[in-house]
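# predicted coordinates and the sequence they were generated for:
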Amino acid sequence: MGAESDTASAGDATAAPLTAGQLREYLAGIPADKPLIAVTPDGDSFLVTGIGFGQVDWGRGNGLEVEDRYLELSTVDAPRELMLFPKDKHAASVAAQLREIETEAQGAAFLAGLQLDREGLLDVAEELKLTRMQSVRSLAELRRRILTQAISARRKYEGLRKW
C-alpha cells in the first residue's frame, strides 16, 4: 500500500483524516531510521519530533485533560537537507546545488547526506544531462560520474576560460 496512491494531496480540503491504523500500515515497509516530515497545503515542511494524544482544558476546573479522539504531532521546521520536493524538482534542486559546490569531497558528502537510491541518482544524472547512465550498475560509480560532471568538469572549463 503506497502513501502516494492512496492518500489525497495535501491541498485537498475534502480529504479524509489518516488513522493511526493506516499510518501503521504505510510505515510497515519503511526503514525505522527514516524521519517523518509533515507538509502543509502551503508547502511548508515540518520534521515530526513526537506523537501522542493532545491535551485540552475543557474549563471545568480540572486543568489540562488528555484528549484521546485524535493523535497530535509535535513538529519543528524541517532542516533544509530533509526537505521533500516533488521528484522532478528534487532532482533539479540537487543538480543545481551540486553545480555550486567547490570540491568533489564536499559534493560526495552532500550526496551521502541525501541518501539517494539508484532511481534518485539517475534522476540527478538526467538533470545534469548525463547519458547512458542506466547501464552503470554500481552506486559508487554512478555517484562518481555525477560528481565528475557537476563539479570537476565545471572547474576544468572555468580554468580554461581564465587561461
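It's in.

# so what touches stretch 100-116?
By C-beta atoms under 8 Å, 6 or more residues apart in numbering, the residues outside stretch 100-116 that reach it are 81, 94, 97-98, 120-121, 124, 143, 146-148, 150-152, 155. Where C-beta positions appear, they are placed from N, C-alpha and C, glycine not excepted.

# between the residues you listed, which is closest to Ser135?
Among those, Leu121 lies closest to Ser135 (C-beta to C-beta), at 13.5 Å.

# what about the closest one, how many neighbours?
If you count neighbours by other C-beta atoms under 10 Å, Leu121 ends up with 21.

# ramachandran coordinates for Ile30?
phi -90, psi 130 (degrees, to the nearest 10).

# got a pLDDT number for it?
Per-residue pLDDT puts Ile30 at 77.

# against Val94, how distant is it?
Distance, Ile30 to Val94, by C-beta to C-beta, to the nearest Å: 21 Å.

# the two - which one has more neighbours?
A count of neighbours by other C-beta under 10 Å puts Val94 above the other of Ile30 and Val94, at 23 against 10.

# so the more buried one is in contact with Val124, correct?
Yes. Between Val94 and Val124 there is a contact at 4.9 Å, judged by C-beta atoms under 8 Å.

# follow-up on the earlier one: and the contacts of stretch 100-116, which of them are in helices?
Among the contacts of stretch 100-116, DSSP state H puts Val94, Gln97, Leu98, Gly120, Leu121, Val124, Arg143, Ile146, Leu147, Arg155 in helices.

# JSON lines for these, including distance to Thr131 and pLDDT?
Formatted as JSON lines, the ones in helices among the contacts of stretch 100-116 follow (distance: C-beta to C-beta, whole Å; pLDDT from 0 to 100):
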{"residue": "Val94", "distance to Thr131": "18", "pLDDT": "85"}
{"residue": "Gln97", "distance to Thr131": "22", "pLDDT": "84"}
{"residue": "Leu98", "distance to Thr131": "17", "pLDDT": "85"}
{"residue": "Gly120", "distance to Thr131": "18", "pLDDT": "86"}
{"residue": "Leu121", "distance to Thr131": "14", "pLDDT": "89"}
{"residue": "Val124", "distance to Thr131": "14", "pLDDT": "89"}
{"residue": "Arg143", "distance to Thr131": "17", "pLDDT": "90"}
{"residue": "Ile146", "distance to Thr131": "13", "pLDDT": "89"}
{"residue": "Leu147", "distance to Thr131": "17", "pLDDT": "89"}
{"residue": "Arg155", "distance to Thr131": "21", "pLDDT": "65"}
